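Student: Next come a sequence and a model predicted from it.
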Amino acid sequence: MSLSERLGALHRWLVPPLKFGWMPYLWLVYFGFFFIEYLFRRPGAIEMVAIVATIVVFLAVYFSAYRRRGHAALIHIGTLVLLGVVWANFNAGSSVLFIYASSFAFCVGPPRQSAWVVGAVAGIAALTAWLADPMLMYWLPGAALSVVIGTANILFGENERKDAELRLSQAEVRRLARVAERERIARDLHDVLGHTLSLITVKSALAAKLIETEPGRARAEIESVEQTARQALSEVREAIGGLHEQRLDKVLAHVETSLRAADIELLLERDPELAFDRQSEAMLTLVIREAVTNILRHADARHCGIGLHRDGDGARIEIHDDGRGGLKPEGSGVQGMRARIESLGGELDVEFDGGTRIVARLPADTLNSEHS
């Protein structure tokens, strides 16, 4: 392991919250005030032992405090304050210990609670100076800076907390967006592939019946299956890329072909002046495809009706059949259709009256005003 790697490992062990960077080592320079007094006098042997012990305890508490919150942080702050009180009668520079204690107040809790800790530390520093009567020029700045630095760190800590909440909110938004996109792709693939595969199944079954009696027509049906499969591949790519926006006319024509292949007669009623905006039209085409897919799969119907009409200022879309039903009111297909309609501000109902009737109502803002 190289020297830089060893230093990095030591740094992560000393200061786990990497957001502090290397600043904690720079802030240690203020501990130099503790040693100013010894530039003018030589400490005795006992005092030297006490100095070494203080350095060890201070460094242990100092680096440990960066990892503590709540009551644990309060214990570390109390330890630094105790060191300051003990040294007050012997070393005027020990007032710096109160500044360090106050600087960790933001770790205790909310701003109001941290502010009380700052006030308590500054109060103890002032009371200690009054009782011990050390040099005022050393203790007055210590008591004042305890308030200033403690308050500043509370503000910085609160800003960091809000930034962390914002990052979490942004991460949650991104997660929900990914979930929504996956659900969109799943619905699109369900609608697109469900309809296409149903059509392929019907055409393949028809070709199998005709292969001996009408081989020419059977070949035409097989070729149609190939074209349908190629179209499905293209639609899958569009669905995954979010580009699946087929025109309503094209989808209705495709639906009619699918129903005819299954020997189901289509009755289409459409207001010629009714037109939708692009997003609403794309959603509506997927709803129609899903509804017709359910008819092909489950209804065993002979007739299917699709109606697109004005309904006040909005529009009413109705799809019904005369089959045996089989559609689950809360199945994935119905939920997908309902989600699409509701995303446009509309509502969808499913009724069973000698078949299945799906009624979707869309608001006025889904219509294309230039054509409607």
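Tutor: Received, thanks. This one's a predicted model, so the numbers in the text were calculated from it and none came from an experiment.
Student: Quick check: which ranges of the stretch 101-250 of the chain have low pLDDT?
Tutor: 133-141, 164, 168, 171-173, 175-177, 179-181, 183-199, 203, 228, 231-246 (pLDDT under 70).
Student: let's see 50
Tutor: Under the criterion pLDDT under 50, the flagged ranges of the stretch 101-250 of the chain are 243-244.
Student: Residue 357: which element?
Tutor: strand 356-362 (DSSP states H and E).
Student: What residues of that strand count as buried?
Tutor: For strand 356-362, burial by neighbour count (16 or more other Cβ atoms under 10 Å) applies to 356, 358-362. No exception for glycine: its C-beta is placed from N, CA and C like everyone else's.
Student: Let's verify residue 284: helix, strand, or coil?
Tutor: helix (DSSP: H, G, I helix; E, B strand; the rest coil).
Student: How confident is the prediction for it, by pLDDT?
Tutor: At residue 284, the pLDDT value in this model is 87.
Student: how close does it sit to residue 212?
Tutor: Distance of residue 284 to residue 212, given as Cβ to Cβ, to the nearest Å: 42 Å.
Student: which of the two has more neighbours?
Tutor: Neighbour count, other Cβ atoms under 10 Å: between residue 284 and residue 212, residue 284 has more, with 24 against 8.
Student: For residue 142, which residues are in contact?
Tutor: Residues in contact with residue 142 (Cβ atoms under 8 Å, 6 or more residues apart in numbering) are 95-96, 98-99, 125, 129.
Student: ok, it to residue 130 distance?
Tutor: 13 Å.
Student: Equivalent analysis for residue 54, please.
Tutor: 23 Å.
Student: Could you do residue 85 as well?
Tutor: In terms of Cβ to Cβ, residue 85 sits 12 Å off from residue 130.
Student: Settle it for me: which of the two has more neighbours?
Tutor: residue 85 (18 against 11).
Student: ranges for the helices of the stretch 251-372 of the chain?
Tutor: 278-294, 332-343 (DSSP state H, counting those that start in this stretch).
Student: who wins for proximity to residue 250 among those?
Tutor: Closest to residue 250 of those, according to Cβ to Cβ: helix 278-294, at 8.1 Å.
Student: Nearest to residue 269, out of the buried residues of strand 356-362: which one, please.
Tutor: Closest to residue 269, out of all of the buried residues of strand 356-362 and judged by Cβ to Cβ, is residue 359, at 13.7 Å.
Student: my guess is that closest one meets residue 346, correct?
Tutor: No - judged on Cβ atoms under 8 Å, residue 359 makes no contact with residue 346 at a distance of 10.3 Å.
Student: So what's the gap between stretch 306-315 and the chain middle?
Tutor: Centre-to-centre, stretch 306-315 and its host chain are 38 Å apart (Cα atoms, centre = their mean, to the nearest Å).
Student: To clarify, my last question referred to stretch 98-112.
Tutor: Relative to where its chain is centred, stretch 98-112 has its mean C-alpha point 32 Å off (Cα atoms, centre = their mean).
Student: and it, which residues are buried?
Tutor: Residues of stretch 98-112 classed as buried by neighbour count (16+ other Cβ under 10 Å): 98-109.
Student: and which of those is nearest residue 335?
Tutor: Among the buried residues of stretch 98-112, and counting by Cβ to Cβ, the member closest to residue 335 is residue 109, at 45.2 Å.
Student: State the distance from the closest one to residue 115.
Tutor: On the measure of Cβ to Cβ, residue 109 and residue 115 end up 10 Å apart.
Student: Let me know which of the helices of the stretch 251-372 of the chain is the nearest to residue 367.
Tutor: helix 278-294 (7.6 Å).
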